[in-house]
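*Asks:* Next one to model:
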Amino acid sequence: MKFSSKDFRVKEGDEVDLGKWPTKVEPVYKSKEHYQKLLEEHVAQLSSLQELHYASDRYAVLLSFQAMDAAGKDGAIKHVMSGVNPQGCQVFSFKHPSPAELQHDFLWRTTRDLPESGRIGIFNRSYYEEVLIVRGHPEILHSEAIPDDNKAIWHDRYRSIADLERHLHVNGTRIVKIYLHLSKEEQRKRFLARIDEPEKNWKFSLADIAERKFWKHYMKAYEECLSATSTRNAPWYVVPADDKENARLIVSQIILDTLKGLQMSYPKTTDERRQELLEIRKQLTN
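*Replies:* Numbering: from 1, shown residues only. Predicted coordinates for the structure are as follows:
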């Protein structure tokens, strides 16, 4: 199967119905060996493009991952970005906010970790938690320092996020948002595997089962979020996640297409700089 990144992109203004988006598609790879070969090719290309991105120092790239538990965010980041130079890539995870973070606006803790020019920043969960997990847990919202009379809080937060992403784009940050779309049945299987395989026990807790009970609520929250915040310059991609290997290939292709779309080049050497280098060569060869 051949695919384009656009096949998974949520167009600006679309009303998302996740029931109509597949959680599994025909795989790109023909075998495990073929998958490994394709992934290695993607990783090699990403490594080369990331080096160019770092050297050109013109843009910043922000990759934001969201998903239900066990959808494979950690694995996708680990495998897809395995060949990227750590000097040019930063990964941040955002879980329950600390007491200090709760005293600031909901975007504060994540904006502190936005990538610099020339670097790739990866958010494993992000400010989108504030319109997803918080909707399922009102107690978190109640603990945040917000006015009591805010009747349109979710609409206002969508607008704040869209305004932030517009600001970032204008100032050189290219944003790619990936939602790993997992089925409830596949999540059940992966939870069972975490129980049955001792090396995966640490990944599982009763809290995961508690969150599973909110499945329908979260799907609705995701649908509203994706509909309200996918824009031409900061798009959401809904990636089928029931097949982990296929999802990784799709994610890596999306990132490749994003980097290839940037106007990047290695810095040109001026005549003055060339003369300086020739002088250095002369000193080194004497």
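*Asks:* quick one: the helices in the stretch 51-200 of the chain?
*Replies:* 73-80, 99-102, 108-111, 133-136, 138-143, 153-170, 184-196 (DSSP state H, counting those that start in this stretch).
*Asks:* For residue 59, which of those is the nearest?
*Replies:* Taking Cβ to Cβ, helix 153-170 is the member of the helices of the stretch 51-200 of the chain nearest to residue 59, at 9.9 Å. Quick note: C-beta positions are derived from backbone N, CA and C, even for glycine.
*Asks:* could the helices of the stretch 51-200 of the chain go into CSV alongside mean pLDDT, distance to residue 260 and mean neighbour count?
*Replies:* Putting the helices of the stretch 51-200 of the chain into CSV (pLDDT from 0 to 100; distance: least, Cβ to Cβ, whole Å; neighbours: other Cβ atoms under 10 Å) gives the following:
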stretch, mean pLDDT, distance to residue 260, mean neighbour count
helix 73-80, 95, 15, 20
helix 99-102, 88, 36, 12
helix 108-111, 94, 27, 16
helix 133-136, 88, 33, 19
helix 138-143, 85, 39, 12
helix 153-170, 97, 18, 16
helix 184-196, 93, 31, 14
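*Asks:* looking at the ones you listed, which is closest to residue 234?
*Replies:* Nearest to residue 234 among the helices of the stretch 51-200 of the chain is helix 153-170 (4.0 Å), distances taken as Cβ to Cβ.
*Asks:* Residue 44 contacts residue 83, doesn't it?
*Replies:* Yes - between residue 44 and residue 83 there is a contact under Cβ atoms under 8 Å: 6.3 Å.
*Asks:* the more surrounded of those two?
*Replies:* residue 83 (16 against 11; other Cβ atoms under 10 Å).
*Asks:* Residue 48 is in contact with the more buried one, correct?
*Replies:* No - between residue 83 and residue 48 there is no contact, the gap being 9.0 Å when judged by Cβ under 8 Å.
*Asks:* Just the strands from this structure, written as ranges.
*Replies:* With DSSP state E, the ranges of strands along the chain come out as 9-10, 60-67, 89-93, 120-124, 173-181, 236-240.
*Asks:* coming back round to it: any chance of CSV for the helices of the stretch 51-200 of the chain, columns distance to residue 13?
*Replies:* Shown next, in CSV, are the helices of the stretch 51-200 of the chain (distance: least, Cβ to Cβ, whole Å):
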stretch, distance to residue 13
helix 73-80, 27
helix 99-102, 33
helix 108-111, 25
helix 133-136, 22
helix 138-143, 28
helix 153-170, 12
helix 184-196, 28
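*Asks:* can you tell which of the ones you listed is closest to residue 26?
*Replies:* For residue 26, the closest of the helices of the stretch 51-200 of the chain is helix 184-196, at 16.3 Å, according to Cβ to Cβ.
*Asks:* Are there helices or strands packed against the closest one, and which ones?
*Replies:* helix 206-212 (3 or more Cβ pairs under 8 Å, 6 or more residues apart in numbering; DSSP states H and E).
*Asks:* which parts of the helix it packs on are buried?
*Replies:* 211-212 (16 or more other Cβ atoms under 10 Å).
*Asks:* Residues in contact with it: which ones?
*Replies:* 68-70, 136, 184, 187, 191, 218 (Cβ atoms under 8 Å, 6 or more residues apart in numbering).
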